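Asker: Only the shape, not the letters, is given here:
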């Protein structure tokens, strides 16, 4: 099954802030889903790269690596900056981190802790802050908190699908 590349994805604006609680639950569940998936995969496969793609450990590490960006973008929206902070589209932090040398349990714990901080920021926002808009630097579209939360949830699922491909094709 072919999966759309991340940078080819489109993200239409979400009109209804009322779906944010559902997106928050999806975001809250990502660490648990990752842990469940990892538990079903042969540990020897976790650091292996196939076809030049990231290993499973690198996929988890990448989710952890981006949490400060997501959290910073909430700050950008709260402060009504004209444009959200820019992501490093080369993912240099993930490439330099040597996640394959780390224990998978530590990677998962670090991701869960960072995600908890992100969720706490989301949950402390008031209804007026949810109306703030800033321009997404790559997509060149305005985003609100609900759009950012959806974007992060989709990013999570993009990488969980990469991990899932190992589940479906294990021998």
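Answerer: Looks like it came in fine. Fair warning: this is a prediction, and the values are worked out from it, not measured in the lab.
Asker: ok, which stretches of this structure are helices?
Answerer: 20-39, 56-78, 92-96, 104-123, 145-168 (DSSP state H).
Asker: remind me which residues of this protein are low pLDDT?
Answerer: Counting by pLDDT under 70, the low-confidence segments of the chain come to 169-171.
Asker: Now for residue 39, how many residues are close by?
Answerer: Residues near residue 39, counting by other CB atoms under 10 Å, number 10. No exception for glycine: its C-beta is placed from N, CA and C like everyone else's.
Asker: residues near residue 142, how many?
Answerer: Around residue 142 there are 13 residues (other CB under 10 Å).
Asker: correct me, but it touches residue 12?
Answerer: No: at 11.4 Å, residue 142 and residue 12 do not qualify as touching, with contact defined as CB atoms under 8 Å.
Asker: picking up where we left off before, and residue 5, which of the helices of the chain is closest to it?
Answerer: Ranking these by their distance to residue 5 (criterion: CB to CB) puts helix 145-168 first, at 9.2 Å.
Asker: For that closest one, buried residues please.
Answerer: Buried residues in helix 145-168, counting neighbours by 16 or more other CB atoms under 10 Å, are found at 145-153, 155-156, 158-160, 162-163, 166.
Asker: Run the angle between that helix and helix 104-123 for me.
Answerer: Per axes from the mean of the first three to the mean of the last three CA atoms, to 10 degrees, the angle that helix 145-168 makes with helix 104-123 is 160 degrees.
Asker: re earlier: quick check: which of the helices of the chain is buried the most?
Answerer: Here the criterion is mean neighbour count by mean count of other CB atoms under 10 Å, and of these the winner is helix 56-78, at a mean of 21.
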